[in-house]
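>>> just to be clear, the model below is a prediction. Sequence and coordinates:
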Amino acid sequence: MAETLNILHITDPHLHAHRDAMMRGLNTWESFKAIVDRVAAGERKPDAVIATGDLVQDETRQGYVRFRDAISELGVPVHCIPGNHDSPRVMAEMLSTPPFHFCGTCKYGNWRLIMLNSAVRWDDGGRLEPAQLKMLEATLEANPDDYALIAMHHHPVPTGSRWLDGLDLRNRDEFFAITDRFPQVRGVAWGHVHQEAISTRNDVLLFSTPSTGSQFLPNSDVFMMDSKPPGYRWINLQPDGSIETEVVWLS
């Protein structure tokens, strides 16, 4: 009998080569490491991790080494995709050896994770290139009996913040034209927006996860920071195709 899959969703740590680097008044390494340590010490253990981009702010190999060494402590597969601040080339070089996986798809029980690369060079907004859309469609067509959780960096639905919604997934209509055709798609997760949100589309759960660092103020026309602490999300994938999820804040 299939069992519940516990997925840890972390996003937007914005690590640097130097562990004492600050970003918006926060040491991003310390907040990221505190979250990893909390998960490692807790009773709730992940079966896998999805890391949805902006893992490193300065595109350095040392930044990815820092991420790799810290998250390896959890001892589970880690599925990584790039964000607009990452170097996809360096990330692929540093995070493609098991237990790390760069983009692509992987099967767990009767669930399939589909990790899409929405990063576009020199653009803080995102786009799924034709190869990514083709991979998504082909994977869903070939695996009709697997429930699907799709993850990307950029948000495919509006946040209500005018400045942030100018940096969204620019070809969202092409993305949804594919996913709307396949009933096995049960969830879509992303980062980028540095805030918690959840909604539905055709019974598909759509949700963003807070950064392991600082957060953006929701529903703001201009860029503003929120006072909420670092956070992460648990995604529980049930054998019947349902999803249970909750955000945990680092107090």
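Looks like it came in fine.
>>> quick one, phi psi at the closest residue to residue 168 other than its chain neighbours?
Nearest residue to residue 168 in three dimensions, chain neighbours excluded: residue 155, at 5.2 Å (CB to CB, 6 or more residues apart in numbering). To be clear about C-beta, it is placed using only N, CA and C from the backbone, and glycine gets the same treatment. As for residue 155, its main-chain torsions (degrees, to the nearest 10) stand at phi -80, psi 130.
>>> number of nearby residues for residue 155?
25 (other CB atoms under 10 Å).
>>> for residue 86, same thing?
25.
>>> try residue 8
Neighbour tally, residue 8, other CB under 10 Å: 25.
>>> ok, now residue 122?
For residue 122, the tally of surrounding residues (other CB under 10 Å) stands at 5.
>>> same check, this time on residue 17
Around residue 17 there are 16 residues (other CB under 10 Å).
>>> re earlier: for the residue nearest to residue 168, what are its contacts?
By CB atoms under 8 Å, 6 or more residues apart in numbering, residue 155 lies in contact with 164-165, 168-169, 190, 192-193, 208.
>>> please redo it, this time with the cut-off set to 7 Å
Contacts of residue 155 were listed using CB atoms under 7 Å, 6 or more residues apart in numbering, and they are 168-169, 190, 192-193, 208.
>>> roughly how far does it sit from residue 93?
27 Å (CB to CB, to the nearest Å).
>>> again, but for residue 187
Distance from residue 187 to residue 93, by CB to CB: 29 Å.
>>> please apply the same query to residue 54.
17 Å.
>>> and if you look at residue 154?
23 Å.
>>> who has more neighbours out of these two?
More neighbours surround residue 154 than the other of residue 154 and residue 93, with 28 against 13 (other CB under 10 Å).
>>> list the contacts of the nearest residue to the more buried one once chain neighbours are set aside.
Distance criterion CB to CB, 6+ apart; nearest residue to residue 154, sequence neighbours excluded, is residue 126 at 3.0 Å. Listed by CB under 7 Å, 6+ apart, the contact set of residue 126 reads 84, 118-120, 153-154, 169-170.
>>> nearest to residue 50 among the residues you listed?
residue 153 (11.0 Å; CB to CB).
>>> residue contacts, the closest one?
52-53, 81-83, 118-119, 126, 190-192.
>>> secondary structure class for the nearest residue to residue 205 once chain neighbours are set aside?
Distances taken as CB to CB, 6+ apart place residue 187 nearest to residue 205, at 4.4 Å, with adjacent residues excluded. Classification of residue 187 using DSSP: H, G, I helix; E, B strand; the rest coil returns strand.
>>> residue 187 pairs with what?
In this entry, residue 187 is beta-bridged to residue 149, residue 205, by DSSP bridges.
>>> cool, residue 27 as well?
Taking DSSP bridges as the rule, residue 27 bridges to residue 22.
>>> how far away is residue 176 from residue 34?
Counting by CB to CB, the gap from residue 176 to residue 34 is 36 Å.
>>> let me redo that: residue 73
Here the criterion is CB to CB. By it, residue 73 lies 13 Å from residue 34.
>>> do a quick rundown of the helices in the chain.
28-41, 61-71, 88-94, 130-142, 172-179 (DSSP state H).
>>> now these as a markdown table including mean pLDDT?
Shown next, in a markdown table, are the helices of the chain (pLDDT from 0 to 100):
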| stretch | mean pLDDT |
| --- | --- |
| helix 28-41 | 97 |
| helix 61-71 | 97 |
| helix 88-94 | 96 |
| helix 130-142 | 98 |
| helix 172-179 | 98 |
